[in-house]
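Chemist: any chance you can model this:
(one chain, ligands or ions: 1)
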Amino acid sequence: MSVSFCGLQLAHPVINASGTFDLLAANTAFGESLRERFPFAAFVSKTITLEPRKGNPPPRLWEAPAGLLNSIGLPNKGLQGYLANDLPAISELLGKVRAQPPVPLITNVMGSTAAEIAQLLNACEQREEISAVELNVSCPNVKTGLDIGADPVQLEVVVREVRPHLSKPLIVKLTPNTADVAACALAAQEGGADAISLINTLRAMAPGGGSPKPWLGGGTGGLSGPAIRPVALAQVAAAARRVSIPVVGMGGVQSAKHAQDLLDVGATLVAVGTESFRDPSAGSRIAHELSGAAETPANATPDHPGASTLLNLK
Ligand code: RRO
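Modeler: Okay, the predicted model is just below:
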């Protein structure tokens with residue numbers, strides 16, 4: 001089950017999607033059992049920006065049919081707050097996790113210009129607790145950031161410009177809110193990314209319940225969860241066909257079957273996101289099931305009866 005990813009040795013192919021698992025809160029809630037059975041083979045931090053951000057006004061969440069809409073808006077302590085407070089705490093905790101090989105930390109960063117991103121990468125370069133960086137060019141909840149990731153030409157220019165600021169592996173997290181995700185994947189690779197990850201959430205809106213004002217404080221939000229799983233599969237497959245660097249696939253993964261589907265279309269790693277809110281141990285459950293998944297014929301246990309069964313069509 002162990003996997004080599006951008007020079008990192010991982011115990012298995014399951015990691016977390018950025019922003020979907022608060023490690024410090026989970027430690028307070030689950031303590032020793034979290035350290036005993038850590039759900040992920042690598043830990044990805046929530047997105048960090050240069051300056052502190054308060055995030056979007058509430059409400060920030062809406063339960064969609066088969067999914068979750070978020071308009072969190074990147075609340076974080078900013079680079080200095082992260083380096084001084086969260087990074088030491090996260091790294092101390094990861095050091096106490098009983099896992100072999102140890103669980104590396106991937107820090108997720110976002111900036112609205114190449115100069116800002118370069119500053120973030122410079123800081124990550126200097127901290128040995130950080131094994132790799134994921135560059136978020138795909139948050140649907142802020143005006144900046146999305147455009148860089150949606151336009152392959154701009155994306156390649158930015159990745160190429162910031163690349164020299166980091167000798168560690170650089171993963172570029174792509175947006176699904178673009179015309180041609182495979183072109184963006186290739187642009188990230190050509191700019192110098194060591195890996196790509198996808199998909200982030202799909203831009204969506206919750207109704208205002210009779211009011212023209214939408215429910216979420218930020219207006220629109222990002223859709224995640226089972227609803228986006230087929231979109232993720234299509235986009236991961238398209239991206240993996242176009243690039244030669246490793247791909248981290250995510251989007252609605254709830255079971256080993258869903259993880260295996262992404263691995264089958266070319267992902268090297270799979271990230272679990274929304275499912276961890278429902279079941280914080282989902283990562284270890286999926287990794288465990290995945291280790292035996294090869295014994296199950298691909299179509300032996302369909303996870304959905306399918307339209308023909310539901311409609312009683314033969
Ligand atoms: O914080 C957020 O609102 C957020 C981020 Br940074 C992201 O990358 N994806 C998302 O759905 N929400």
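Chemist: hey, where'd the helices end up in the stretch 151-300 of the chain?
Modeler: Assigned by DSSP state H, counting those that start in this stretch, the stretch 151-300 of the chain shows helices spanning 152-162, 181-191, 229-242, 256-264, 275-278, 282-293.
Chemist: may I see these arranged in JSON lines, with mean neighbour count, distance to Asn16 and mean pLDDT as well?
Modeler: Placement of C-beta: from N, CA and C, glycine included. What follows is these, written out as JSON lines (neighbours: other Cβ atoms under 10 Å; distance: least, Cβ to Cβ, whole Å; pLDDT from 0 to 100):
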{"stretch": "helix 152-162", "mean neighbour count": "20", "distance to Asn16": "23", "mean pLDDT": "95"}
{"stretch": "helix 181-191", "mean neighbour count": "23", "distance to Asn16": "21", "mean pLDDT": "98"}
{"stretch": "helix 229-242", "mean neighbour count": "20", "distance to Asn16": "15", "mean pLDDT": "98"}
{"stretch": "helix 256-264", "mean neighbour count": "21", "distance to Asn16": "13", "mean pLDDT": "98"}
{"stretch": "helix 275-278", "mean neighbour count": "17", "distance to Asn16": "6", "mean pLDDT": "97"}
{"stretch": "helix 282-293", "mean neighbour count": "19", "distance to Asn16": "6", "mean pLDDT": "92"}
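Chemist: including distance to Pro104, could the ones you listed go into JSON lines?
Modeler: JSON lines is the format used below for the helices of the stretch 151-300 of the chain (distance: least, Cβ to Cβ, whole Å):
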{"stretch": "helix 152-162", "distance to Pro104": "21"}
{"stretch": "helix 181-191", "distance to Pro104": "21"}
{"stretch": "helix 229-242", "distance to Pro104": "22"}
{"stretch": "helix 256-264", "distance to Pro104": "19"}
{"stretch": "helix 275-278", "distance to Pro104": "18"}
{"stretch": "helix 282-293", "distance to Pro104": "15"}
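Chemist: how about JSON lines for those helices, with distance to the ligand added?
Modeler: Supplementary listing: the helices of the stretch 151-300 of the chain in JSON lines, determined by distance: least, Cβ to the nearest ligand atom, whole Å:
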{"stretch": "helix 152-162", "distance to the ligand": "15"}
{"stretch": "helix 181-191", "distance to the ligand": "15"}
{"stretch": "helix 229-242", "distance to the ligand": "13"}
{"stretch": "helix 256-264", "distance to the ligand": "18"}
{"stretch": "helix 275-278", "distance to the ligand": "13"}
{"stretch": "helix 282-293", "distance to the ligand": "18"}
